[in-house]
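Undergrad: Sequence first, then the predicted structure, then my questions.
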Amino acid sequence: MKANKLFLLFLAVCLVFSLAACGGGGGGSDTTADNGDDPAGGGNGGGNGGDNGGGSSAPAGPWLCFTALIAGSSISTTNQGGTVTTSPGLEYSTDGEIWEPFILNTGNEATNTRVPLANAGDKVYLRATGTNNSFSENLKYIKFTMEGSIAASGNIMSLLDKDCISKVIPSNYCFQYLFVGCNVLKTAPELPATTLTYKCYYNMFYNCTALTTAPDLPATTLTAGCYWGIFSDCSSLAKAPALPATNLAEYCYCDMFRGCSALITAPSLPATTLAEYCYSSMFSGCSALITAPILPATDLGLANSCYKSMFSGCSKLSSITVHFTAWDGAPNATSWWVDGVAASGEFHCCSNLVPNPSAPANFDDSKVPAGWTIDNSLPNPAP
């Protein structure tokens, strides 16, 4: 009897070890399958796999990414004005794992790398291979060329820093004209830099007529011409990004949304100290814009042409609120700024600016639009 009990106990122990071994093997298979589905070994890879629509998945890096929205799309680059003196080094990947050189700046588009995106959902990632990349030098620049329909995402700074750590743009003109005329580009990449340079984003998305969304612009201290014309003639752009900067510079927002005929709402403009041409033609030709942003500056100082042509051609604009106290605070400060706005509207100001709302001298294209009502009840600034 005792021997039988020992034998049964032995069988039970063997059964337990056998079941444990089977369970461990099953767990190992599941883990292997998960890793196979996610080459990056993390949640981001799985997320992008769904976007690709195929069986394999691409790891989601922080890099600049172009995604085909329709089959038969592609990206490449071309030069304008000649080759850039110091050619930027880039590499590209369609899966985030295998990287190949991205040839550009040859002076001949036919010899630059062209990446076909055969299927909707196909992606290509771009990142720097070195440091000190720049894509422009004054009148010479490199620009992307695109076919099909493309959505950009990820961090534009991957073109300068493969690890996307830096938020410092290192050189003047760095990204000027980078996407000019890319009329199949639907969305823009992130622009997270907080330290800017002269004309670093000048006309960056100029005439991107399909662009519907704009990136956040977090910099609070601006440089001369930094956002000059960045979204000019982006006729599908309906919403502007927030503009938190309070330290302006010459031409910083000049022409920024000029010709954005779908723009309905203007961003807040919190700066109270202005610079020459800072808002010149900023919303010119925004024919859907109804209400202007409040202009909080009380003294135009020496900011020559700061509001010049700011709202010219905004044919639906019917409300403007200002806090400055003199039309002649700076030369040409408001020259032609309301030329072509709505035939009727409301102009809100303080009595220091307009002591007599009915005086004919108040009304012209450089002051209050003819046909508008003046409300001068805002408080006058403290002396």
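TA: Yep, it's here. Residues are numbered from 1 along each chain as shown.

Undergrad: Please work out which residues outside stretch 181-189 touch it.
TA: The contact list for stretch 181-189 (CB atoms under 8 Å, 6 or more residues apart in numbering) reads 64-65, 69, 73, 143-156, 179, 205-215. For every residue, glycine as well, the C-beta is placed using N, CA and C.

Undergrad: please redo it, this time with the cut-off set to 6 Å
TA: With contacts defined as CB atoms under 6 Å, 6 or more residues apart in numbering, stretch 181-189 is touched by 64, 144, 146, 149-154, 156, 179, 207-215.

Undergrad: Filter the residues you listed down to just the ones in strands.
TA: Of the contacts of stretch 181-189, the ones assigned to strands by DSSP state E are 64, 144, 146, 150-153.

Undergrad: closest to residue 327 among those residues?
TA: Minimum distance to residue 327 across the ones in strands among the contacts of stretch 181-189 is 42.7 Å, recorded for residue 152 (CB to CB).

Undergrad: contacting residues around that closest one?
TA: Neighbouring residues of residue 152 by CB under 6 Å, 6+ apart: 66, 187-189.

Undergrad: per-residue pLDDT, the residue lying closest to residue 61 once chain neighbours are set aside?
TA: Closest residue in space to residue 61, ignoring its immediate chain neighbours: residue 96 at 5.3 Å, by CB to CB, 6 or more residues apart in numbering. pLDDT recorded at residue 96 is 93.

Undergrad: Quick check, residue 96 in contact with residue 65.
TA: No: contact criterion CB atoms under 6 Å: residue 96 and residue 65 do not qualify, at 9.0 Å.

Undergrad: Now the common contact residues for the two.
TA: In contact with both residue 96 and residue 65: residue 125, using CB under 6 Å, 6+ apart.

Undergrad: what's the weakest-modelled helix or strand in the chain?
TA: Sorting the helices and strands of the chain by mean pLDDT, DSSP states H and E puts helix 43-52 at the bottom, at a mean of 35.

Undergrad: Tally up the residues packed near residue 84, please.
TA: Residue 84: 20 surrounding residues under other CB atoms under 10 Å.

Undergrad: Let me see the contact set for it.
TA: Contacts were defined as CB under 6 Å, 6+ apart; by that measure residue 84 touches 105, 137, 140, 142.

Undergrad: ok, now with 7 Å
TA: Contacts for residue 84 (CB atoms under 7 Å, 6 or more residues apart in numbering) come out as 105, 134-137, 140, 142.

Undergrad: how far is stretch 286-299 from where the chain is centred?
TA: Here the centre of stretch 286-299 is set off from its chain's centre by 21 Å, with CA atoms, centre = their mean, to the nearest Å.

Undergrad: same check, this time on stretch 132-149
TA: Counting by CA atoms, centre = their mean, stretch 132-149 is centred 16 Å from the centre of its parent chain.

Undergrad: Endpoints of that stretch, how far apart?
TA: End-to-end distance for stretch 132-149: 31 Å, by CA to CA, to the nearest Å.

Undergrad: again, but for stretch 280-296
TA: With CA to CA, one end of stretch 280-296 sits 16 Å from the other.

Undergrad: and residue 67, how many neighbours?
TA: The tally of other residues near residue 67 (other CB under 10 Å) stands at 22.

Undergrad: what sits against it?
TA: Residues in contact with residue 67 (CB under 7 Å, 6+ apart) are 51, 121, 123, 150-151, 153.

Undergrad: Lowest-confidence entry in these?
TA: Lowest pLDDT among the contacts of residue 67: residue 51, 38.

Undergrad: can I assume residue 158 sits in a helix?
TA: Yes: under DSSP: H, G, I helix; E, B strand; the rest coil, residue 158 sits within a helix.

Undergrad: May I have the residues that are in contact with it?
TA: Contact analysis of residue 158 by CB under 7 Å, 6+ apart lists 62-64, 126-128, 164.

Undergrad: a markdown table for these, including distance to residue 248, secondary structure and neighbour count?
TA: Shown next, in a markdown table, are these (distance: CB to CB, whole Å; DSSP: H, G, I helix; E, B strand; the rest coil; neighbours: other CB atoms under 10 Å):
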| residue | distance to residue 248 | secondary structure | neighbour count |
| --- | --- | --- | --- |
| 62 | 30 | coil | 19 |
| 63 | 32 | strand | 25 |
| 64 | 28 | strand | 23 |
| 126 | 32 | strand | 25 |
| 127 | 32 | strand | 26 |
| 128 | 30 | strand | 22 |
| 164 | 28 | coil | 21 |
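
Undergrad: Closest to residue 344 out of those residues?
TA: Once CB to CB is applied, the member of the contacts of residue 158 that ends up nearest residue 344 is residue 64, at 46.4 Å.

Undergrad: isn't residue 143 right next to residue 76, touching?
TA: No: between residue 143 and residue 76 there is no contact under CB atoms under 7 Å: 10.0 Å.

Undergrad: Spatially central residue for the protein, please.
TA: The geometric centre of the chain, computed from its C-alpha atoms, lies nearest to residue 215 (CA atoms, centre = their mean), at 2.9 Å.

Undergrad: these two touch, right, it and residue 201?
TA: No: the pair residue 215 / residue 201 is not scored as a contact, 10.2 Å apart, by CB under 7 Å.

Undergrad: So which residues of this structure form helices?
TA: Taking DSSP state H as the criterion, the chain contains helices spanning 2-37, 43-52.

Undergrad: Out of the ones you listed, name the one with the poorest average pLDDT.
TA: Of all the helices of the chain, helix 43-52 carries the lowest average pLDDT, namely a mean of 35.

Undergrad: Residue 357: what's it in contact with?
TA: Contacts here follow CB under 7 Å, 6+ apart; on that basis residue 357 touches 374, 376.

Undergrad: could you check the distance from it over to residue 327?
TA: Using CB to CB, to the nearest Å, we find residue 357 at a distance of 14 Å from residue 327.
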